[in-house]
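Asker: here is the input, now give the coordinates:
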Amino acid sequence: MDTYDQIRAKIKTLSEAERQVNSWKKRNKKVVFTNGCFDLIHLGHLSYLMEAKALGDYLVIGINSNASVARLKGTERPVKDQESRVTLMASMQFVDLVVLFDQDTPIELIEKMLPDILVKGGDWLPDQIVGSELVLEHGGAVLSLPFLEGFSTTNFINKIKKENPDH
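Answerer: Numbering: from 1, shown residues only. Down below sits the predicted model:
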């Protein structure tokens with residue numbers, strides 16, 4: 001299998017992701033889940049995702065579809081299409097599985113996979129994280145990982161617009 005096929009193999013449908021996560025859990029492996037738009041990857045994302053992976057054996061990423069990002073962030077987003085975003089995320093060596101979702105929240109993914117650890121970046125309090133009650137009820141943990149100051153996709157986009165007002 002070439003590198004591109006290895007990357008593509010990490011991208012799953014919800015039913016495929018559910019089967020894979022159940023297989024890992026049957027082998028007593030710890031599954032960490034997080035989600036986001038991951039529109040323009042920056043150092044803040046990388047830091048947070050590497051820390052998330054260190055918490056368990058497998059890191060699962062839920063990525064908002066194009067339609068979901070547009071509803072949440074506005075019609076000018078996403079900057080990158082969903083195929084680019086899921087492929088880029090799957091190319092990272094510390095990411096084990098990527099699943100795209102079209103809803104505004106990843107609650108359906110969380111219900112199906114019931115991760116051992118649910119994480120978001122430090123701009124979220126644990127009780128604000130979608131799915132936190134469900135994960136806690138099933139004996140899991142919910143964590144808000146430290147936020148790396150100075151890194152924000154929205155701020156990055158605004159900086160580009162300011163420096164290129166005619167585009």
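Asker: how about low-confidence regions in the chain?
Answerer: Applying pLDDT under 70 to the chain picks out residues 147-167.
Asker: which non-adjacent residue is nearest the residue most central in space within it?
Answerer: By CA atoms, centre = their mean, the chain has its centre lying nearest to Asn35, at 2.8 Å. Spatially, and ignoring its direct neighbours in sequence, Asn35 is nearest to Gly62 (3.5 Å; CB to CB, 6 or more residues apart in numbering). Just so you know, the C-beta spots here come from the backbone N, C-alpha and C atoms, and that holds for glycine as well.
Asker: what's near enough to touch that neighbour?
Answerer: Phe33, Thr34, Asn35, Gly36, Val99, Leu100, Phe101, Pro106, Leu109 (CB atoms under 8 Å, 6 or more residues apart in numbering).
Asker: tell me the one among these nearest to Arg77.
Answerer: Gly36 (12.3 Å; CB to CB).
Asker: correct me, but the closest one touches Ile63?
Answerer: Yes: at 7.0 Å, Gly36 counts as touching Ile63 under the criterion of CB atoms under 8 Å.
Asker: the more surrounded of these two?
Answerer: Between Gly36 and Ile63, counted using other CB atoms under 10 Å, Ile63 has the larger neighbour count: 24 against 19.
Asker: for that one, which three-state class applies?
Answerer: Here Ile63 is recorded as strand under DSSP: H, G, I helix; E, B strand; the rest coil.
Asker: quick check: buried residues in stretch 111-118?
Answerer: Using 16 or more other CB atoms under 10 Å as the test for burial, stretch 111-118 gives Met113, Leu114, Pro115, Asp116, Ile117, Leu118.
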